[in-house]
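J.: Okay, here's the prediction I keep looking at, along with the sequence it came from:
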Amino acid sequence: MRNYGHCVVGGGVKMSAYSLFGLVALTMSVAACAVGPNDPIPDFGQDGESQGVGTGSASEPSDDTAGTADDGSGSDETGGDETGDGTSDGESDGACGDGVIEADEQCDGTELGTMTCDSLGFDGGSLSCTDTCEYDTSACGGDGPVCGDGSTNGTEDCDGTDLGSNTCTAMGFEGGTLGCNGDCTFDTSGCTNDGPGCGNGSVDVGEQCDGLDLAGQTCISQGFAGGGILLCDASCSFDTSNCMGGGGGACTFDADCGGAQYCEDGTCYDGVVGDPCTFDSDCMSDICLTFDDVCSDGNAGDPCTFNSECMSGSCGVADVCD
């Protein structure tokens with residue numbers, strides 16, 4: 001038997017289709033009462049379950065958020081602290097226009113260092129900086145530094161009688177009168193002696209000696225045990241030709257050494273005790289030890305091999321002079 005007008009609910013209770021629809025409507029009314037008067041009404045689907053609360057219209061993106069991307073970090077990608085010129089705020093890229101004087105720049109923006117129109121040789125005015133980081137003196141007064149105006153300015157050493165605080169002695173000369181050339185450079189022709197350099201009688205940088213100024217050195221301090229007279233040559237280097245013993249200049253023959261010196265193994269010697277030798281005549285004592293090949297004075301206790309190597313004429317059994 002077909003029954004189109006009723007349905008069975010729970011334990012066999014019959015309810016008409018119209019009554020079921022009425023129950024659903026009643027349920028929706030109760031739900032509506034459970035929310036505030038201004039709250040959105042739940043949306044029930046065909047199965048009678050709530051599908052969420054709607055706002056009644058789709059949200060459009062606001063103008064404040066349009067054009068920005070969220071990377072998930074909570075901040076949009078707007079360039080951070082970048083200034084738009086490739087550098088971060090407060091950082092200099094070292095280029096002209098960054099407000100910092102660097103490299104070959106004379107100035108940069110309002111940064112002029114310590115320079116003014118006056119310090120550049122002008123008569124007052126307002127110094128500024130060009131876009132190429134060079135001084136702009138267009139607003140300075142006067143004609144600027146001019147050689148011949150009697151005032152030392154800019155790169156001039158001097159100007160007329162204006163020598164600054166410079167003198168001949170301040171420039172390394174013994175004395176004299178300092179002058180100024182027509183191109184505003186110093187004229188030292190009136191200064192006495194040759195100034196700094198070899199031949200001025202004073203040891204300067206790079207010189208061993210200069211004239212009679214030997215810088216406190218002697219033959220002995222130069223390694224010549226026999227002493228002698230240390231001299232200075234024309235190139236301001238030591239002349240040891242009159243020094244004795246302990247070694248000297250290079251040589252090939254005895255004649256290269258001068259005086260009483262002799263040449264031994266390419267070096268000049270004077271023949272004092274301890275100097276290398278080949279013949280007795282090489283030594284001042286005329287005793288060249290046969291096996292040691294050094295000069296000896298043959299005193300008692302000195303080493304020996306033969307009696308002739310001792311002043312006493314006796315070489316003892318311990319190979320020392322009696």
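T.: Received the coordinates, thanks. As the structure is a computational prediction, the values presented were derived from the model and not from experiment.
J.: Using PDB, list the CA coordinates for stretch 274-287.
T.: Coordinates of the C-alpha atoms in stretch 274-287 are reproduced here as PDB (Å, rounded to 0.1, in the frame of the first residue of the first chain):
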ATOM      1  CA  GLY A 274     144.000  36.800  13.800                       C
ATOM      2  CA  ASP A 275     144.100  38.100  10.200                       C
ATOM      3  CA  PRO A 276     144.300  35.300   7.500                       C
ATOM      4  CA  CYS A 277     147.600  35.000   5.900                       C
ATOM      5  CA  THR A 278     149.700  32.900   3.500                       C
ATOM      6  CA  PHE A 279     153.200  34.100   4.100                       C
ATOM      7  CA  ASP A 280     155.000  35.300   7.200                       C
ATOM      8  CA  SER A 281     155.500  38.700   5.500                       C
ATOM      9  CA  ASP A 282     151.700  39.200   5.500                       C
ATOM     10  CA  CYS A 283     151.800  39.600   9.200                       C
ATOM     11  CA  MET A 284     153.100  42.500  11.200                       C
ATOM     12  CA  SER A 285     154.900  40.000  13.500                       C
ATOM     13  CA  ASP A 286     156.200  38.000  10.600                       C
ATOM     14  CA  ILE A 287     154.600  34.900  12.000                       C
END
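J.: Can you list the residue ranges for strands in the stretch 151-300 of the chain?
T.: 175-176, 179-180, 186-187, 191-192, 231-232, 238-239, 262-264, 267-269 (DSSP state E, counting those that start in this stretch).
J.: Count the residues that sit near residue 140.
T.: Look at residue 140: counted by other C-beta atoms under 10 Å, it has 21 neighbours. Glycine gets a C-beta too; all of them are placed from N, C-alpha and C.
J.: what sits against it?
T.: Residue 140 sits next to 117, 120, 122, 123, 124, 125, 126, 127 when contact means C-beta atoms under 8 Å, 6 or more residues apart in numbering.
J.: Give me the buried entries from these.
T.: Among these, the ones that count as buried by 16 or more other C-beta atoms under 10 Å are 117, 120, 122, 125, 127.
J.: low pLDDT regions in the stretch 201-322 of the chain?
T.: 223-226, 244-250, 258-260 (pLDDT under 70).
J.: Apply 90 and report the result again.
T.: Scanning the stretch 201-322 of the chain with the threshold set as pLDDT under 90 gives 201-208, 210, 218-230, 234-285, 290-294, 297, 300-301, 317-319.
J.: All set, thanks.
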